[in-house]
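> Sequence and predicted structure below; questions after.
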Amino acid sequence: YLFHMPLFFVLAGFVIKVTPGAAWKGTKKLLVPYFAYLVVLAVLPHAAYYAMGLEDRPQALKSIAKACIGGELLVSPLNIFWFPTCLAAARVMALLSLAEGKRRDARIAVLAGFACLSVIVADIWPNFFLPFALNVAPIAALLIVIGSLLNPVLTRIPSWQVVALCAVAAMAAGALEAKL
């Protein structure tokens with residue numbers, strides 16, 4: 001996770017289009033399939049378990065509620081579902097920060113402050129979580145902003161140099177992860 005998740009958010013920023021309505025349009029594209037899959041993979045099975053007598057009503061409702069709250073409450077095979085809600089929230093935060101107009105730099109600085117606060121809270125209070133993995137969204141949003149700001153710079157560099165830079169970064173992250 002040390003390398004590929006931050007890279008994904010930076011790449012998401014690299015291709016993000018800052019246009020009016022983009023935040024809500026992109027959120028809809030992420031969350032409609034998310035909730036559809038959640039119903040199929042979490043709600044329907046627990047409703048069936050309850051109907052077959054394999055779970056009592058409180059247990060079934062608790063399992064469905066955990067799935068709906070998402071984030072760190074999700075258990076396998078649903079644990080990957082922290083990602084769409086985090087990406088949706090991060091996109092909204094990043095797009096609001098990147099919007100043209102007065103105080104754009106201040107909005108990006110506030111986002112960076114929230115990202116730092118997220119890291120500090122995670123370090124001090126490791127069991128803290130917010131629904132839908134929103135505690136991770138400010139960090140992801142900052143990485144999206146970084147990717148968006150890097151886009152004009154990286155598009156001027158020859159492709160082979162960008163690939164070489166990514167390869168070196170991947171090897172460095174792998175070496176660092178091996179030491180941790």
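Now that the structure is in, tell me what you want to look at. Residues are numbered from 1 along each chain as shown.

> Checking the residue in the chain sticking out farthest from the centre next. Helix, strand or coil?
In terms of distance from the mean C-alpha position of the chain, Gly53 ranks first, at 36.4 Å (C-alpha atoms, centre = their mean). Following DSSP: H, G, I helix; E, B strand; the rest coil, the label given to Gly53 is coil.

> Now it. Its backbone dihedrals?
phi 80, psi 10 (degrees, to the nearest 10).

> Could you pull up the contacting residues of it?
By C-beta atoms under 8 Å, 6 or more residues apart in numbering, the contact list for Gly53 is empty. C-betas here are computed from N, CA, C, even on glycine.

> Give me the pLDDT value at it.
Gly53 carries a pLDDT value of 88.

> how near is it to Lys17?
Going from Gly53 to Lys17 by C-beta to C-beta, to the nearest Å gives 51 Å.

> go on, Pro33?
Note on Pro33: its distance to Lys17, by C-beta to C-beta, is 20 Å.

> and if you look at Leu31?
Leu31 is 18 Å from Lys17, by C-beta to C-beta.

> more neighbours, those two?
Leu31 (17 against 9; other C-beta atoms under 10 Å).

> Not counting its neighbours along the chain, what's nearest that one?
Leaving aside its sequence neighbours, Leu31 sits nearest to Ala88 (C-beta to C-beta, 6 or more residues apart in numbering; 5.5 Å).

> in what helix or strand does the one you found lie?
For Ala88, the element it lies in under DSSP states H and E is helix 82-98.

> what's next to that helix, contact-wise?
9, 12-13, 16, 18, 22-24, 26-27, 30-31, 33-34, 70-72, 74, 104, 107-108, 110-111, 114, 132-134, 136-138, 140-145, 148.
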